[in-house]
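Trainee: Using only what follows, build the 3D model:
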Amino acid sequence: MSFNLSGTLQSLRTNAATTAAKLATTASRATGRGAGGMIGGLVAGAIDPQIMAHLGGDRPAVLVTGTNGKSTTTRMLAAAVRAEHTVATNDGGDNMDAGIISALLAGKNASRLVLEVDELHVPHVADKLNPQALVLLNLSRDQLDRVGEINKIERALRGAVEAHPDMLIIANCDDVLMTSVAYDAKNVIWVSAGAGWLGESVTCPRTGGHIIRDGEDWRAVKPLADGREFRRPAPTWSVDQAGLHTPQGERALNLALPGRANRGNAAQAIAAAVEGFGVDLDKALSATESVADVAGRYSTITLGNQKIRLLLAKNPAGWQEALSMVDRTAEGLVIATNGHVADGIDMSWLWDVKFEDFAKLAVKASGERGTDLAVRLVYADISHELIRDPLEAIKACPPGRIEVLANYTAFRDLKKALEREAKETTND
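Mentor: Numbering: from 1, shown residues only. Predicted structure coming up:
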């Protein structure tokens, strides 16, 4: 009788890691320190560095990555796949190793994995989980002090695609950088999901040659090293205001979530569910349309005589898209910015955002870095008032509908404060 000592020790380590993670998650929730979406994964990963691969267990998995839209697309895709399968997912936005491990722990019995993954974590997560599919949304400049140059990310993602040649790629052909990532893959579904932000799409990431645009089409003036033309691939899936265009025909698309970008997110989510997991198109479409909230984003909270809608933006491309969603007929607009590590300490990105004319909206600049924002609004010729506390800024707005646009930690902290305030008001 043979005895596999290393396998037994590994099994014991994994069991110990799982038990410790459950205890840490329970303690975090019980003490009110958080939802436990990260701490369990951190503990488990520290005890067993191989736990992600063990928990994955070769289950069919799809990874979702990109600068903007990861959480929304993951939520939509998980809903679509859930129409026919059980799903383990981290659709709350915890997209690094700890969050992924926590999602796998919570969904140990699920048959499918739908995981949002930070762009720079994709290579090693793909190595551990060997995913069936990878959804490539978009790439644009994020916080440079935290993420680094965008071409570095493109190369890292391209390397992950090359390392997994059998992986199905669902790529946005309107995004030059993501097209470069998927250009040599043998198994690609091209989706025309739109490209609202073109700041990083002016040159070819491989040759440095200029990108020329002609309507929806684009091409690089310089050929690739092997002589091929680098040009927008013809999509088999696309979305526009008329609806979703698929290989199975056209479908109306009536989303609960607002904005052009979310229509593109939905197109890639549905394509991934249908092409990657064989989900029925109409079931995937219906499930995607039912998604109305993504970790509190786009949610509405009533506080006294004010109805407050929350919008999140984390980088220039995201801010530009979120600004287009602001209801210009609302009674007030609060814009809140912080400058923590998760937000990006360098606030120079504010000058890349084209702040629009908000007409007669009562605008409040707020957040820990509200002064930086206020200076930017002065140069944008937007009349505003600086109130550092976002909750007080909301209360200073007139009664009625209030739009709130905030970056990551400002959004997180304000949402908690609003929910606490609303609860106290109800109890009174």
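Trainee: quick one: low-confidence parts of the stretch 301-428 of the chain?
Mentor: In the predicted model, the stretch 301-428 of the chain carries pLDDT under 70 at residues 359, 426-428.
Trainee: any chance you could map the strands in it?
Mentor: Taking DSSP state E, counting those that start in this stretch as the criterion, the stretch 301-428 of the chain carries its strands at 306-312, 332-336, 362-366, 384-386, 400-406.
Trainee: swap in the stretch 101-250 of the chain?
Mentor: Going by DSSP E, counting those that start in this stretch, the stretch 101-250 of the chain shows strands at 112-116, 133-136, 168-172, 188-192, 211-214, 217-220, 237-240, 243-246, 249-251.
Trainee: just so I know, which of the ones you listed lies nearest residue 408?
Mentor: Closest to residue 408 of these is strand 112-116 (C-beta to C-beta; 14.6 Å). C-betas here are computed from N, CA, C, even on glycine.
Trainee: so what does that closest one touch, helix or strand wise?
Mentor: For strand 112-116, the packing partners by 3 or more C-beta pairs under 8 Å, 6 or more residues apart in numbering; DSSP states H and E come out as strand 61-65, helix 70-82, strand 87-89, helix 97-106, helix 122-129.
Trainee: Specify the angle between it and helix 97-106 in degrees.
Mentor: On the basis of axes from the mean of the first three to the mean of the last three C-alpha atoms, to 10 degrees, strand 112-116 is oriented at 160 degrees to helix 97-106.
Trainee: what are the pairing partners of strand 112-116, and which direction each?
Mentor: strand 61-65 (parallel), strand 87-89 (parallel) (DSSP bridges).
Trainee: Export the ones you listed as JSON lines, with columns for distance to residue 298 and mean neighbour count.
Mentor: Below are these laid out as JSON lines (distance: least, C-beta to C-beta, whole Å; neighbours: other C-beta atoms under 10 Å):
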{"stretch": "strand 61-65", "distance to residue 298": "18", "mean neighbour count": "28"}
{"stretch": "strand 87-89", "distance to residue 298": "19", "mean neighbour count": "24"}
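Trainee: what about the ones you listed, which gets the closest to residue 170?
Mentor: Across the strands paired with strand 112-116, closest to residue 170 is strand 61-65 (C-beta to C-beta), at 8.3 Å.
Trainee: Sketch out the low-pLDDT regions of this structure for me.
Mentor: The chain contains residues with pLDDT under 70 at 1-38, 45, 143-148, 359, 426-428.
Trainee: Would you mind measuring from the residue nearest the centre of it to residue 418?
Mentor: When C-alpha atoms, centre = their mean is applied to the chain, the residue found nearest the centroid is residue 70 (2.2 Å). Distance, residue 70 to residue 418, using C-beta to C-beta, to the nearest Å: 24 Å.
Trainee: Residue 268: which of the helices and strands packed on strand 112-116 is closest?
Mentor: helix 70-82 (6.0 Å).
Trainee: Which strands or helices does the closest one pack on?
Mentor: Packed next to helix 70-82, using 3+ C-beta pairs under 8 Å, 6+ apart, are strand 61-65, strand 87-89, strand 112-116, helix 260-277, helix 281-289.
Trainee: circling back to that earlier point, for the strands paired with strand 112-116, give me a markdown table that also has distance to residue 234.
Mentor: Listed next are the strands paired with strand 112-116 as a markdown table, based on distance: least, C-beta to C-beta, whole Å:
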| stretch | distance to residue 234 |
| --- | --- |
| strand 61-65 | 23 |
| strand 87-89 | 31 |
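Trainee: Nearest to residue 423, out of those?
Mentor: Closest among the strands paired with strand 112-116, using C-beta to C-beta: strand 87-89, at 28.0 Å.
Trainee: Residues in contact with the closest one: which ones?
Mentor: 59, 74-75, 78, 81, 103-104, 106-108, 110-116 (C-beta atoms under 8 Å, 6 or more residues apart in numbering).
Trainee: Residue 333: neighbour count?
Mentor: By the measure other C-beta atoms under 10 Å, the count of residues near residue 333 is 24.
Trainee: That one against residue 322, yeah?
Mentor: No. Under the criterion of C-beta atoms under 8 Å, residue 333 is not in contact with residue 322, lying 11.3 Å apart.
Trainee: so what sits against both of the two?
Mentor: In contact with both residue 333 and residue 322: residue 405, using C-beta under 8 Å, 6+ apart.
Trainee: could I get the strands of the stretch 301-428 of the chain as CSV with distance to residue 165?
Mentor: Shown next, in CSV, are the strands of the stretch 301-428 of the chain (distance: least, C-beta to C-beta, whole Å):
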stretch, distance to residue 165
strand 306-312, 36
strand 332-336, 45
strand 362-366, 49
strand 384-386, 52
strand 400-406, 41
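Trainee: Out of those strands, which one sits most buried?
Mentor: strand 332-336 (a mean of 27; mean count of other C-beta atoms under 10 Å).
Trainee: which other residues reach that strand?
Mentor: 326, 358, 361-367, 370, 373, 377, 390, 393-394, 397-398, 400-407, 410-411, 414.
Trainee: returning to what we had before: residue 168: which of the strands paired with strand 112-116 is closest?
Mentor: strand 61-65 (8.3 Å).
Trainee: can you state the direction angle for that closest one and helix 260-277?
Mentor: Using the same axes, to 10 degrees, strand 61-65 lies at 160 degrees relative to helix 260-277.
Trainee: and strand 61-65, how far out from the chain's middle?
Mentor: 11 Å (C-alpha atoms, centre = their mean, to the nearest Å).
Trainee: hang on, the earlier thing: in CSV, list the helices and strands packed on strand 112-116 along with distance to residue 257.
Mentor: Shown next, in CSV, are these (distance: least, C-beta to C-beta, whole Å):
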stretch, distance to residue 257
strand 61-65, 16
helix 70-82, 7
strand 87-89, 17
helix 97-106, 22
helix 122-129, 25
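Trainee: Can you say which of the ones you listed is nearest to residue 289?
Mentor: Nearest of the helices and strands packed on strand 112-116 (C-beta to C-beta): helix 70-82, 9.0 Å.
Trainee: what residues does the closest one touch?
Mentor: Everything outside helix 70-82 that qualifies as a contact, by C-beta under 8 Å, 6+ apart, is 62, 64, 66, 87, 89-93, 95, 112, 114-117, 135, 137, 257, 262, 265-266, 268-270, 272-273, 277, 279, 283-285, 287-288, 290-291, 294-295, 297.
Trainee: go on, stretch 348-355?
Mentor: 141, 143, 199, 315-316, 319-320, 323, 337, 372-373, 376-377, 380, 382.
Trainee: Give me the buried positions along that stretch.
Mentor: Buried residues in stretch 348-355, counting neighbours by 16 or more other C-beta atoms under 10 Å, are found at 349, 350, 353, 355.
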